[in-house]
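Asker: got a structure for you, letters missing:
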């Protein structure tokens, strides 16, 4: 399986999302993604970086199929939370980001109250 085929495999068989949904998440058009998946266009490092960052997968796996697909530091709980977060509309994602920012700020300002020893 080459790089283009791995990207298509990941999108269709692991993420199970449409070409359009995947392209939107990595900031490209579905037409360009289709060209990449079908081997009509070479994939750039920027696209590989965007895919790895957005889906928490290893660049080595994308490039040459070596090792595990997902980053080791992403445990099942975190992976599940990411997938659930991705299902939300942008508005709700923003609410969650604001909430998390507030919690982190409170923890920074009051470490004793946040359970930090």
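Answerer: Thanks, I have it. This structure is a prediction, so every number in the text was calculated from the model and none was measured.

Asker: Show me where the chain has its helices.
Answerer: Applying DSSP state H to the chain gives helices spanning 3-9, 19-25, 30-37, 45-55, 59-64, 76-87, 90-109.

Asker: the inter-axis angle of the helix or strand bottoming out on mean pLDDT in the chain versus helix 90-109?
Answerer: Least confident helix or strand of the chain, by mean pLDDT, DSSP states H and E, is helix 76-87 with a mean of 84. Counting by axes from the mean of the first three to the mean of the last three C-alpha atoms, to 10 degrees, helix 76-87 points 130 degrees away from the direction of helix 90-109.

Asker: outside of helix 76-87, which residues touch it?
Answerer: 25, 56, 70, 74, 93, 96 (C-beta atoms under 8 Å, 6 or more residues apart in numbering). Heads up, the C-betas are built off the backbone N, CA and C, glycines and all.

Asker: you'd agree residue 28 is up against residue 47?
Answerer: Yes: using C-beta atoms under 8 Å, residue 28 is in contact with residue 47, at 6.9 Å.

Asker: that older thread, in terms of mean pLDDT, which of the helices of the chain ranks lowest?
Answerer: For the helices of the chain, mean pLDDT drops lowest on helix 76-87, to a mean of 84.

Asker: just how off-centre is that one within its chain?
Answerer: Distance of helix 76-87 from its chain centroid, counting by C-alpha atoms, centre = their mean, to the nearest Å, is 10 Å.

Asker: what do you get for stretch 33-44?
Answerer: Distance, centroid of stretch 33-44 to centroid of chain: 19 Å (C-alpha atoms, centre = their mean).

Asker: first to last residue in it, what's the distance?
Answerer: 11 Å (C-alpha to C-alpha, to the nearest Å).

Asker: Mind listing what's buried along that stretch?
Answerer: Within stretch 33-44, the residues that qualify as buried are 33, 35, 36, 37, 43, counting by 16 or more other C-beta atoms under 10 Å.
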